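# Next come a sequence and a model predicted from it.
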Number of protein chains: 2
Amino acid sequence: MRTFTFYERASRAFDDYPSLSKFLVLFTVSGGGLVAYAEANPSTSSYTVVPSEAEAKKKKVVVLGTGWAGTSFLKNLNNPTYEVQVVSPRNYFAFTPLLPSITCGTVEARSIVEPIRRMVRKKKVDIEFSEAECIKIDAANKKIYCRSITNNNLNGTEEFAVDYDYLIISVGATVNTFNTPGVVENCHFLKEVEDAQKIRRTVIDCFERASIPTVSDEERKRILHFAIVGGGPTGVEFAAELHDFVNEDLVKLYPGIKDLVKITLLEAGDHILNMFDKRITAFAEEKFHRDGIDVKTGSMVVKVTDKEISTKDLKNGGGISTTPYGMAVWSTGIGTRPLVKDFMMQVGQANRRALATDEWLRVEGCDSIYALGDCATINQRKVMEDIAAIFSKADKDKSGTLTVKEIQEVIDDICERYPQVEIYLKNKQMRSIVDLLQASKGDVAKESIELNIEEVKSALSQVDSQMKNLPATAQVAAQQGAYLAKCFNRMEECEKNPEGPLRFRGEGRHRFRPFRYKHLGQFAPLGGEQTAAQLPGDWVSIGHSSQWLWYSIYASKQVSWRTRALVVTDWGRRFIFGRDSSRI
Amino acid sequence: MRTFTFYERASRAFDDYPSLSKFLVLFTVSGGGLVAYAEANPSTSSYTVVPSEAEAKKKKVVVLGTGWAGTSFLKNLNNPTYEVQVVSPRNYFAFTPLLPSITCGTVEARSIVEPIRRMVRKKKVDIEFSEAECIKIDAANKKIYCRSITNNNLNGTEEFAVDYDYLIISVGATVNTFNTPGVVENCHFLKEVEDAQKIRRTVIDCFERASIPTVSDEERKRILHFAIVGGGPTGVEFAAELHDFVNEDLVKLYPGIKDLVKITLLEAGDHILNMFDKRITAFAEEKFHRDGIDVKTGSMVVKVTDKEISTKDLKNGGGISTTPYGMAVWSTGIGTRPLVKDFMMQVGQANRRALATDEWLRVEGCDSIYALGDCATINQRKVMEDIAAIFSKADKDKSGTLTVKEIQEVIDDICERYPQVEIYLKNKQMRSIVDLLQASKGDVAKESIELNIEEVKSALSQVDSQMKNLPATAQVAAQQGAYLAKCFNRMEECEKNPEGPLRFRGEGRHRFRPFRYKHLGQFAPLGGEQTAAQLPGDWVSIGHSSQWLWYSIYASKQVSWRTRALVVTDWGRRFIFGRDSSRI
């Protein structure tokens, strides 16, 4: 009956050969974001299928969340011996780095979301999805409790329990208000697609409200004051988007009030974009100054009421000043979700911000529970804590001293198990650990070096200072998801033939290599078709060319051909027709 | 600073030459829906401009509503001697015939809306917009009272009054629930863009809820039962869209529950689409039967609870039956808005459904207030009421009888003033009124006919039976808006040289010709790329070719190049990628 076989064929071609996407983009730093769900599997449902004996033995993996980490895990998992149950209140994956673009209509919300069911439907692995929120993890009984999301029309909520063999916690984080009074009640956040849509409506509301003829000029100024709290990449990008929206589109439609618009960016630190190179920070601050965006660094927000925002001036004596505002957006960092908080209490991590895992992403103290993305941090082993074990493992002849030969035999394992060693050497411009030991030993010839444990300790004493927590970014979460999926894909294989580094505190080798984050660079769009890019190797690029690099990479990183086509057409439409200002 | 001059130029070309749109479409029945806002007027704001003496004299026109009628008026008004104030709770125009497409994501909401400010910004006429709701019309003082729409973030509502010289009421209608209990609380409507978006989310909710593993099969069946009340074009189109959405897209993503889905269309009358040709009704009923959509005619909904819908079987004795449902959509006709109801009380029209106007769209009894679109009906003059006046005006020699010559002198005026005469003649297959008089007089030769008043009365006695109210459609509203704008454009000119028909009950001629509706045909999309079209001259076409005609006309009728491009790309995207099922 269907007559559009051509279209269907075209569509199938898109789905089957994701590598076609390379034609679309000008440059790609990495194709790692592309999906491979080419294989067709006609029956992925378990509703009507009575499990056969083989299926009944399948290990049950439960994934919580459909953000970057969870989705990346699902995309990369291709071992059909698992039965996967995904539980998330959102039945879609959202390409969150484009959220600031949605707030002003540069890109439409629909263009950056992809249903999870659609992403996994052609996979060989048996994956089920439930639109529900996990409300409790019962690690003792390997069970989670879920509640289907609230809905007025469908009368109440449904609760149910799910058993698991492996649990993957990738529920992300909430907004961190630092308990500032009034923030939850009066500020907008920018974590979810709905948040961005609400901001868009509110911006238009502000302009419409300020256009009502009886509103006083003072009130108009208040309504059109947009305050953004937090000078990180999200806050900066939103400020830039808003400035472009106002100056490229809204000034034409609201000519009478355009001069009353004011955008303020409040940052408690000394500079905005402080995780970026200083050149980028300086450029951004200068550009915002030229654009008329008021950047107030050293300003800590202490209170927000419905009409006023109070800040403490950290630079000049800590005086409190109060400014009227129309709309405030809060983007100052991340906090812990209640589910994760509750689980952390259970596993004795009550005082942390995020779930501590080992380098294999396993939650500390829970063998079959993994945590990745914004809700987790990797608690890296310190060299100094294990130094005795390392020494005794390396000292094969039990002589009490290490020779260069002995060191060289374990050096790869040390570097793999303790990545801070490599970073430290790199920063000190040394080629190998032998150089480091030599430096501490003085001018002895390399071959004749022999160190006792105290000498090794003193040589390595500074190494742990290089340990850093990974940033809470999409890039980290996606790499963690992909890493974990690859571990799961080869679980049995690696059980037999471990491929990880030597266990210094135990016997044998670790099953897998530990997770290693590979930083591919970071962008900060600054508006006016200019972007700052910081790429690996301290390569910094700012301007229009970076904007095109940004377009290319963000297009190539879309999870499906559908979203890729939509995002690109959205950009094209914005160039031609401008942004829409309808209040929907 | 802007580097995209090519895009800007292209954009300007689109705006300036709307006739370019003809290239896009295959067929157009009429180009009447296209906008002409080519002229640039750099200063349309009055906020900063002190009114000059010339401006101070401008007549103030207030337009309520930004639907089809109001927008069509604004688009066609080009007399710069007016100062126009538009008041509407929606700052955009929505192309409502595509609302059913939005419910299932065939077209995106953003693609069918256009900001009013954008539509009028290049017009020569001074047009201001306020996003507010009119809450009271004070006809005695020529003033309206408005309230800016409620908004949590901006703290309370702002009230203000606006004076007018002419008031144009085009606020549309509400949903008519016929006071059926439970409808407002439990049913979805399909009047506004927000309604359509909510329906879309709820459809996905139903599928997700039915996928929760612990839900019983009976409950699953209930949740997946979609009840549509009202077999008019909207209800039928929504049923067809939903069927396509389920069968083309959702079955692939929810394979386990696809067989539980049921769509029921409830219609109190004997047939669905009863305003269409019988062939279309029969085809639609048969197609829906084949598709598995349960069409229940003669079923009047008497009660809706949160989980059940009760219907009375009008065909078989009036028994009440109750069916569980998951989502219900109510589209059974239109009711009166509170503002209009209140105003009707003021002007002595309390018992009517809509504001009565004369053939020039003036509200009866209010000289400077006009009403158009769904909130108004034209109260057409009956020939029999005016027959004495007509006779005496035609009987120039006051002989007490009318000769053919005398009749022929006024015949054009009669036909123009009383359009029912022409319709009656056409239905009786007569060429002119003389044939009608002759028929009543018997076999007398045409030239020698002479009739007294009683004979004229008896000849015309059946003529008024042809009077029909115009349907509450976008087409009628748009034509009324355009008609009224043309009257306003030539108000002074026609004051001096009236161009309307003879005033039979007064002296001289009417200023303008009365409004005449020209029916351009009607579509009923039935799903599966098939549409029924009923075009003027009883031309009926059903099938795939009509679907393409529908695509062409709906594309050509879009109010801007932006929405046209978006709607067409939405259709293309649907062909290639299917509809999105993300719950946003």
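Alright, I've got the coordinates. Since this is a predicted model, take the numbers as computed values, not measurements.
# Could you measure from A:I257 over to A:V329?
Counting by Cβ to Cβ, to the nearest Å, the gap from A:I257 to A:V329 is 20 Å. Heads up, the C-betas are built off the backbone N, CA and C, glycines and all.
# quick one: low-confidence ranges for the stretch 51-200 of chain A?
Low-confidence segments of the stretch 51-200 of chain A (pLDDT under 70): A:51-56, A:150-157.
# Strands along the stretch 351-500 of chain A, start to end?
Assigned by DSSP state E, counting those that start in this stretch, the stretch 351-500 of chain A shows strands spanning A:355-357, A:369-371, A:376-378, A:402-403, A:450-451.
# is it true that A:T297 touches A:T264?
No: when contacts are counted by Cβ atoms under 8 Å, A:T297 is not listed as touching A:T264 (11.5 Å).
# quick one: which of A:I257 and A:V329 has more around it?
Between A:I257 and A:V329, counting by other Cβ atoms under 10 Å in any protein chain shown, A:V329 is the more crowded of the two (25 against 22).
# tell me the phi and psi of the more buried one?
phi -120, psi 130 (degrees, to the nearest 10).
# Does A:W550 lie in a helix or a strand, and which?
Per DSSP states H and E, A:W550 falls inside helix A:544-556.
# my guess is A:E406 contacts A:K398, does it?
No: judged on Cβ under 8 Å, A:E406 makes no contact with A:K398 at a distance of 10.7 Å.
# Please name the residues that touch the closest residue to chain B within the stretch 351-500 of chain A.
Closest to chain B within the stretch 351-500 of chain A is A:A474: 17.9 Å, counting by Cβ to the nearest Cβ. Residues touching A:A474, when contacts are defined by Cβ atoms under 8 Å, 6 or more residues apart in numbering or on different chains, comprise A:W68, A:T96, A:P97.
# Now do the same contact list for the last one.
A:P97 is in contact with A:A474, A:Y554, counting by Cβ under 8 Å, 6+ apart.
# returning to what we had before: format the strands of the stretch 351-500 of chain A as TSV; extra columns: mean pLDDT and distance to chain B.
Shown next, in TSV, are the strands of the stretch 351-500 of chain A (pLDDT from 0 to 100; distance: least, Cβ to the nearest Cβ, whole Å):
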stretch	mean pLDDT	distance to chain B
strand A:355-357	94	26
strand A:369-371	97	21
strand A:376-378	94	26
strand A:402-403	84	58
strand A:450-451	82	60
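# Which single residue of the stretch 251-400 of chain A ends up nearest chain B?
With distances taken as Cβ to the nearest Cβ, the stretch 251-400 of chain A approaches chain B most closely at A:G256, which sits 2.9 Å away.
# quick one on the thing from earlier: out of the strands of the stretch 351-500 of chain A, deepest packed?
strand A:369-371 (a mean of 26; mean count of other Cβ atoms under 10 Å in any protein chain shown).
# packing partners for that one?
Identification of packing neighbours for strand A:369-371 by 3 or more Cβ pairs under 8 Å, 6 or more residues apart in numbering or on different chains; DSSP states H and E yields strand A:166-169, strand A:355-357.
# circling back: relative to A:S216, which of the strands of the stretch 351-500 of chain A is closest?
strand A:376-378 (50.0 Å; Cβ to Cβ).
# Listing partners with orientation, what would you give for the closest one?
With DSSP bridges as the criterion, the sheet partners recorded for strand A:376-378 are strand A:355-357 (parallel).
# Would you mind confirming that A:H188 is in contact with A:Y325?
No: in this structure A:H188 lies outside contact range of A:Y325 using Cβ under 8 Å: 11.3 Å.
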